[in-house]
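> model the structure of this input:
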Amino acid sequence: MAGRRGAMSTDVTGVVVQLKLSLLRNGLRQSAGRRAAYIASAVCVLLVAVLQLLGLIALRGNAHAASVVVLLVAVLALGWAVMPLFFPGGDETLDPTRLVMLPLRPRLLVRALLAASLVGIGPLFTLCLLVGSVIAVARGGAAYAVGVVAVVLGLLVCVAFARTVAAANVRLLTSRKGRDLAVLSGLVIAVGAQVVNFGAQRLGSSGLSQLDPAADVLRWVPPASAVGAVDSVSDGAYGAAVVQLALTCGALVALIGVWSRHLTRLMTSPDGSTLQAATETAVRRRTSTGLARLLPAGRTGTVMERSLRYVWRDPKTKAAWVTSLAIGLIVPLFNALQGTGSIYFACFAAGMLGVQMYNQFGQDTSAFWMVAMTISSTRDAYVELRARALALLLITLPYATLVTVLTTALLGAWAKLPEVLGLSFALLGAMLATGAWTSARFPYSIPQEGYKNVAPGQSGLAFMAIFGGMVGGSLLCAPVIAATIWLNVSEGGEDWTWLLLPAGAAYGAAITLLGLRLAAPRTAGRLPEILTAVSKG
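Numbers count the residues shown, from 1 in each chain. Modelled structure (predicted):
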């Protein structure tokens, strides 16, 4: 009986591994572009892995090598944990509910999925990093022997961590909210890149000794504790090494146990998202509640609410907003933290958020015909554009103010806060004005599927709309910029820079209204052309 169970386990594991390879192979056969992208990414990842391996080997003998590798493995494990949340479509075998109809016990399924998880570029990258970490700290035959165990345990813990997180959140990842969560991947990458850059600069100026306190704690946290065990054996602390390896083994057992329980629940319980709720609490009446009550009545409030719902619900619109909000905050704040920033970098937030006014009708796609049916005059077009601008201002105005205040606080340049706020408001108004005009003159379609933000054949339109509008917005903001320069260079002018705040706000409001007035007739006269342009996606 035991031999039969062992054969069954081997067969299931082999079948699931072959399934993983088949999914990968069939995915690459879908298109030449996807195949080229996969090969290019694989080459880049392997190149980075080899360079990291060589770098870790070169770190051997350094007094702080153990601190570096312990932190590196801890960050690697964190990456494995969050990767399924932000990239749920990266591995189709992460969703075990696809195997729910097969007569498989959780123990066999865990073993098979764990083996399948070891196939791919990610595990190979992790393996190279773990091997390099062991070589960097191992000294002596016993340390290398423990290093082999540490590499295996570290890799298994990382993979099990990812599988456990994916199984615990599989209902979320396969829903609309899960797809919306993937939108935040751009934010995570952007913030992570800036954090790494900031940390590298700090380490370059202060040395690797700053890593020692954090490493002393993380060397007891799996899977970094596995690499810590290798360093402990190298120093002759065999008792500490045994405890660290035991912690790693315990973490692996605990993760597999939690994973197994989630698999059992997924395989035996119905999907709540498919059950129809007939209770009165589940059926919510569509009444004006919350923010809708605070919006103006009539067409203006309706259009504002629709625009805000696009920001919250439409994946492409949400992705654009998340990216703009993140970059608009990261650039000025991280430059200020690094000591290389300028107070005027705070205007970057207004510029990034003002771009959201461009191609306003593209986010409607083919549904723009319903909007077009309600526009019968220039006045209707003006109210439509004005409402969209007001909805955008509800987010951009307080956010740009917040970024400016934070940047000023970090740099300690409170005296320049009024003029920078005035510049930000003027730039935001200029971007809204040019965005309204380019939305009517250069509309383009945004595909709902895939990652492209421009329909084929409309890249030129998108470039003209965004780049031309940004240049035009900068030129429209020139009077306020010139006034700022003049007040800062003239004798006694700094005492009057506070006037730039009301002047910039008034100029931004005036130029926005002028841009809306000029864009309204063009919008009303080009409704068929706009509908054709935005319906190609």
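> which residues of the stretch 101-250 of the chain score low on pLDDT?
101-103, 170-208 (pLDDT under 70).
> for the stretch 351-500 of the chain, same thing?
Scanning the stretch 351-500 of the chain with the threshold set as pLDDT under 70 gives 448-452, 456-457, 461.
> let's see 90
Residue ranges of the stretch 351-500 of the chain with pLDDT under 90: 351-372, 374, 376, 409-416, 438-478, 481, 484-499.
> where along it do the helices fall?
Under the criterion DSSP state H, counting those that start in this stretch, helices of the stretch 351-500 of the chain are mapped to 368-373, 378-411, 417-441, 459-476, 478-489, 500-525.
> nearest to residue 332, out of these?
helix 378-411 (4.5 Å; C-beta to C-beta). Quick note: C-beta positions are derived from backbone N, CA and C, even for glycine.
> what sits against residue 496?
For residue 496, the contact set (C-beta atoms under 8 Å, 6 or more residues apart in numbering) comprises residue 487.
> for residue 340, find the nearest of the helices of the stretch 351-500 of the chain.
Proximity to residue 340 (C-beta to C-beta) singles out helix 378-411 among these, at 10.8 Å.
> check which helices and strands that closest one sits against.
Contacts defined by 3 or more C-beta pairs under 8 Å, 6 or more residues apart in numbering; DSSP states H and E place helix 378-411 against helix 299-313, helix 315-337, helix 347-354, helix 417-441, helix 500-525.
> so which residues make contact with the third one?
Among residues not part of helix 347-354, those counted as contacts by C-beta under 8 Å, 6+ apart are 324-325, 327-329, 331-332, 392, 395-396, 399-400, 403-404, 420, 423-425, 427-428, 430-432, 435, 470, 473.
> and the helices of the stretch 351-500 of the chain, which is most packed in?
For the helices of the stretch 351-500 of the chain, the largest average neighbour count (mean count of other C-beta atoms under 10 Å) is found in helix 417-441, namely a mean of 27.
> who's in contact with the closest residue to residue 325 other than its chain neighbours?
Nearest non-adjacent residue to residue 325, counting by C-beta to C-beta, 6 or more residues apart in numbering: residue 399, 6.6 Å away. Residues in contact with residue 399, defined by C-beta under 8 Å, 6+ apart, are 325, 328, 349, 353.
> which ones are touching residue 328?
348-353, 399-400, 403.
> for residue 516, same thing?
382, 385-386, 389, 432-433, 436.
> is there a neighbour count for residue 218? I'd like the number.
Other residues near residue 218 come to 21 when the count uses other C-beta atoms under 10 Å.
> thinking residue 314 is in contact with residue 363, fair?
Yes: with contact defined as C-beta atoms under 8 Å, residue 314 reaches residue 363; the gap is 6.5 Å.
> and residue 444, its phi and psi?
The phi and psi values for residue 444, taken as degrees, to the nearest 10, are phi -150, psi 160.
> quick one: it and residue 530, what's the gap?
Residue 444 is 10 Å from residue 530, where distance means C-beta to C-beta, to the nearest Å.
> equivalent analysis for residue 342, please.
Noted for residue 342: a distance of 40 Å to residue 530, by C-beta to C-beta.
> ditto for residue 478
For residue 478 relative to residue 530 (C-beta to C-beta), the value is 30 Å.
> what do you get for residue 436?
In terms of C-beta to C-beta, residue 436 sits 13 Å off from residue 530.
> likewise for residue 376?
Distance from residue 376 to residue 530, counting by C-beta to C-beta: 15 Å.
> likewise residue 56?
Counting by C-beta to C-beta - residue 56 and residue 530 are separated by 56 Å.
> one more: residue 432?
Distance from residue 432 to residue 530, by C-beta to C-beta: 18 Å.
> adding distance to residue 67, write the helices of the stretch 351-500 of the chain out as TSV.
Compiled in TSV, the helices of the stretch 351-500 of the chain are given as follows (distance: least, C-beta to C-beta, whole Å):
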stretch	distance to residue 67
helix 368-373	57
helix 378-411	28
helix 417-441	40
helix 459-476	45
helix 478-489	46
helix 500-525	48
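> between these, which gets nearest to residue 36?
Nearest to residue 36, of all those, is helix 459-476, at 19.2 Å by C-beta to C-beta.
> which elements pack onto the closest one?
Applying 3+ C-beta pairs under 8 Å, 6+ apart, we find helix 459-476 packed against helix 347-354, helix 417-441.
> format those as TSV; extra columns: distance to residue 13.
Converted to TSV, the helices and strands packed on helix 459-476 look like this (distance: least, C-beta to C-beta, whole Å):
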stretch	distance to residue 13
helix 347-354	49
helix 417-441	56
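> out of these, which gets nearest to residue 253?
So among the helices and strands packed on helix 459-476, helix 347-354 is nearest, using C-beta to C-beta, at 47.1 Å.
> got the angle for the closest one vs helix 315-337?
Here helix 347-354 runs at an angle of 180 degrees relative to helix 315-337 (axes from the mean of the first three to the mean of the last three C-alpha atoms, to 10 degrees).
> can you list the domain ranges for this structure.
When the chain is parsed with automatic domain parsing, its domains come out as 32-270, 296-534.
> sec struct for residue 47, please.
Assigned by DSSP: H, G, I helix; E, B strand; the rest coil, the conformation of residue 47 is helix.
> pLDDT at it, what is it?
Reading off the confidence values, residue 47 has pLDDT 91.
> same check on the one 10 residues further on?
At residue 57 the predicted local confidence, pLDDT, stands at 90.
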